[in-house]
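S.K.: quick one, fold the following:
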Amino acid sequence: MGNILVVDDNEDMCLIISDVLRAEGHMVEIACDGESALNELKKETYNLMVLDYKLFDMNGLEVLEKLRGTTPLLDTIMISAFGSESVKARARELGVYDFIDKPFDVNVLLKAVKKALCKRQADNCSGG
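M.R.: Model (predicted):
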């Protein structure tokens, strides 16, 4: 199981995602803005980040740009209701593992999380 940081400025969305991930056995922390996410990533090591594109203080791409110098290997799944092709292209350039459009089925998110974690931890991915 993974240690996952969920970053979304919508508290309800954070709670929904974190509850679903915890039910699957993951350890989850929440950050409600980009600056909090960056601070959390300085304190703790995560296997994966689920990152919203639109945040109050900066967008998800800006978070990724700031992270790439310090945490370049952190796999990230970006979620957004505003996923234009240019945003998705830039996200790919910054190494985003997957981009999921909101609204999304939680099973789509769970599948993406499992695939991202399995990529790093092949021994934990039997039957997948």
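S.K.: counting neighbours, what do you get for Gly2?
M.R.: The number of residues packed near Gly2 is 22, by other Cβ atoms under 10 Å. Using the backbone N, CA and C atoms, a C-beta is placed for each residue, glycine as well.
S.K.: could you do the one 4 residues further on as well?
M.R.: Applying the criterion other Cβ under 10 Å, we find 27 residues in the vicinity of Val6.
S.K.: which residues are in contact with the lengthiest helix in the chain?
M.R.: Ranked by number of residues, the top helix in the chain under DSSP state H is helix 106-120. Among residues not part of helix 106-120, those counted as contacts by Cβ atoms under 8 Å, 6 or more residues apart in numbering are 1-2, 4, 16-17, 20-21, 24, 26, 47-48, 50, 75, 77, 79, 97-98, 100, 124-125, 128.
S.K.: what about burial for those residues, which qualify?
M.R.: Neighbour-count burial (16 or more other Cβ atoms under 10 Å) applied to these gives 2, 4, 17, 20-21, 26, 47-48, 50, 75, 77, 79, 97-98, 100.
S.K.: filter these down to just the ones in helices.
M.R.: Filtering the buried ones among the contacts of helix 106-120 for helices - DSSP H - leaves Ile17, Val20, Leu21.
S.K.: what's the closest of these to Leu55?
M.R.: Proximity to Leu55 was ranked across those by Cβ to Cβ; first place goes to Ile17, at 14.4 Å.
S.K.: was I right about the closest one contacting Val7?
M.R.: No: the pair Ile17 / Val7 is not scored as a contact, 9.8 Å apart, by Cβ atoms under 8 Å.
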